[in-house]
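**Student:** When you get a sec, could you give me coordinates for this:
(chains A and B)
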Amino acid sequence: MRFFSVNDFLFILAATRWTILLSLLAFALGGLLGVLVAVLRIARFAPVRLAAAGYIQLFQGTPLLMQLFLIYYGLSLFGWRLDAWTAVTIAYTIYAAAFLGDIWRGCIQAIPKEQWEAGRALAIPYLPQLFLIILPQAIRIAIPPTVGFMVQLVKATAVASIIGFVELTRAGQLMTNATFQPMVVYPIVAGLYFALCWPLSVWSQRLETQMQVENASGRRK
Amino acid sequence: MTYVFQFGIVFDQLPLLLEGALLTIRLAATAMVFGLAVAVMCAYLRTSGPKPVRVLVAAYVEGIRNTPFLVQLYIIYFSLPALGIRFEANQAAVVAMVVSFGAYATEIVRAGVQSVPVGQVEVGLALGLKRFQIYRLIVLFPALKVVFPALASQFILLLLGSSVVSAISANELTAVANSLQSTTFRAFEVYIVATVMYLTIAVAFRGFFAALYWIVFVRGRER
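**Tutor:** Got it, this is the predicted structure:
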């Protein structure tokens, strides 16, 4: 048995970048797809709206691990050879889009109806109404819950370790197998996640309080 | 390559999968009951406890909410035995789920407690009730009513999140699916069936919670 050394710690610390990279990638791509989901979710054409609702329901109603398995094992059966990075990125993009789409849908719907009506009264077509009048206001409300979701996304990347993707959690497992010191390794892993998530949590809370204060005082002027 | 779906092999093993699904439901339901008890206690301590206890509860809540469930599970299953605390896989799964759900639910219940008008607490004080009596008899019921939908969604997340306990060889639905795919070599079909089962369970629980809300908070009020 060997002791847990500085090098072992550095190995785990280095693996943190894959957790960060996967989170950022999933957030960026999932965000793009999420905007589409949110916009389709409030479309006037009912079948499109239902399809978007079904998408959200499906991916919020099934375990992320199952989604990972289905994409990892499933797509390779159809002859697409996916490396771990591609499979995991696809899975987390789809996952993030379902949650972000739902969050942003709520923010868009929180904008008073009069804003749409004012747009229509000025004969502005639907898409410019949406992109020039509604979305800029919705983005303001959307920031705190979106930052909150980033915490959930960072934590969710730990599940990718189960299909063998090497990130922070998997690095912890590998180190445990090498040093036989789970009592040291896993708390360190947890501490690193905490260091990533805690600032985001605090930021999200602060943004939310700030917004409540603004809504209570300044905006009526 | 064109792939031919063969669900027959999976359906032959349906009893095994159903057994796994039942264990998933049992784990989640147990964790919900105990987790809610933890939450009700911690929400009280977080708002009305002595300062050191308040800080301790805050640390528990923030610590859990900012680390992945999987890592918490590993700490309980792999790290704690070093301190002489040993669990079987299924026990470790339940403990991890209680600890995790308890933290999220504490924050939710606390929000509910804060939504109860101060006047109600003052009425309790005027009647000479103790702090905990006020919490238990006056504040708790309306607080839980306000946050019931949030608790229900949190439970669904717990239920779906429980699929990762397969990583420590607990034998719930995901673990059964894993072992089936390795014996039948029909990974895609097995996981599709398991996913549909999760979706069904989640939808069923949503219906159950809607009914429970009606029975406890809508009809219960008319007594």
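
**Student:** Enumerate the positions of the worst-scoring helix or strand of chain B on mean pLDDT that are buried.
**Tutor:** Confidence across the helices and strands of chain B bottoms out at helix B:8-12, with a mean of 80, counting by mean pLDDT, DSSP states H and E. By neighbour count on 16 or more other CB atoms under 10 Å in any protein chain shown, the buried set for helix B:8-12 is residue B:10. C-beta: built from backbone N, CA, C; applies to glycine.

**Student:** swap in stretch A:111-129?
**Tutor:** Neighbour counts over stretch A:111-129 (16+ other CB under 10 Å) mark A:111, A:116, A:119, A:129 as buried.

**Student:** And for stretch B:130-144?
**Tutor:** Within stretch B:130-144, the residues scored as buried using 16+ other CB under 10 Å are B:134-135, B:138-140, B:142-144.

**Student:** want to throw the residues you listed into CSV with distance to residue A:47, secondary structure and pLDDT?
**Tutor:** Listed next are those as CSV, based on distance: CB to CB, whole Å; DSSP: H, G, I helix; E, B strand; the rest coil; pLDDT from 0 to 100:
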residue, distance to residue A:47, secondary structure, pLDDT
B:134, 52, helix, 92
B:135, 49, helix, 91
B:138, 49, helix, 91
B:139, 46, helix, 91
B:140, 45, helix, 91
B:142, 41, helix, 91
B:143, 41, helix, 93
B:144, 39, helix, 92
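
**Student:** closest to chain A among those?
**Tutor:** For those, the residue nearest chain A by CB to the nearest CB is residue B:143; the value is 19.9 Å.

**Student:** Could you find the closest non-adjacent residue to that closest one?
**Tutor:** Leaving aside its chain neighbours, residue B:143 sits nearest to residue B:112 (3.5 Å; criterion: CB to CB, 6 or more residues apart in numbering or on different chains).

**Student:** show me the contacts for residue A:159.
**Tutor:** Residue A:159 makes contact with A:64-65, A:68, B:68, B:70, B:164, according to CB atoms under 8 Å, 6 or more residues apart in numbering or on different chains.

**Student:** Now do the helices in the chain.
**Tutor:** By default, I'm working from chain A. Secondary structure of chain A (DSSP state H): helices located at A:6-41, A:46-60, A:64-69, A:75-77, A:84-109, A:113-121, A:126-128, A:135-156, A:168-179, A:182-216.

**Student:** you looked at the wrong chain, it should be chain B
**Tutor:** Under the criterion DSSP H, helices of chain B are mapped to B:8-12, B:14-48, B:51-65, B:69-74, B:89-115, B:118-126, B:131-133, B:140-161, B:173-184, B:187-213.

**Student:** Mind putting the ones you listed into a markdown table with distance to residue A:97?
**Tutor:** Shown next, in a markdown table, are those (distance: least, CB to CB, whole Å):
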| stretch | distance to residue A:97 |
| --- | --- |
| helix B:8-12 | 29 |
| helix B:14-48 | 26 |
| helix B:51-65 | 23 |
| helix B:69-74 | 22 |
| helix B:89-115 | 23 |
| helix B:118-126 | 42 |
| helix B:131-133 | 45 |
| helix B:140-161 | 17 |
| helix B:173-184 | 23 |
| helix B:187-213 | 18 |
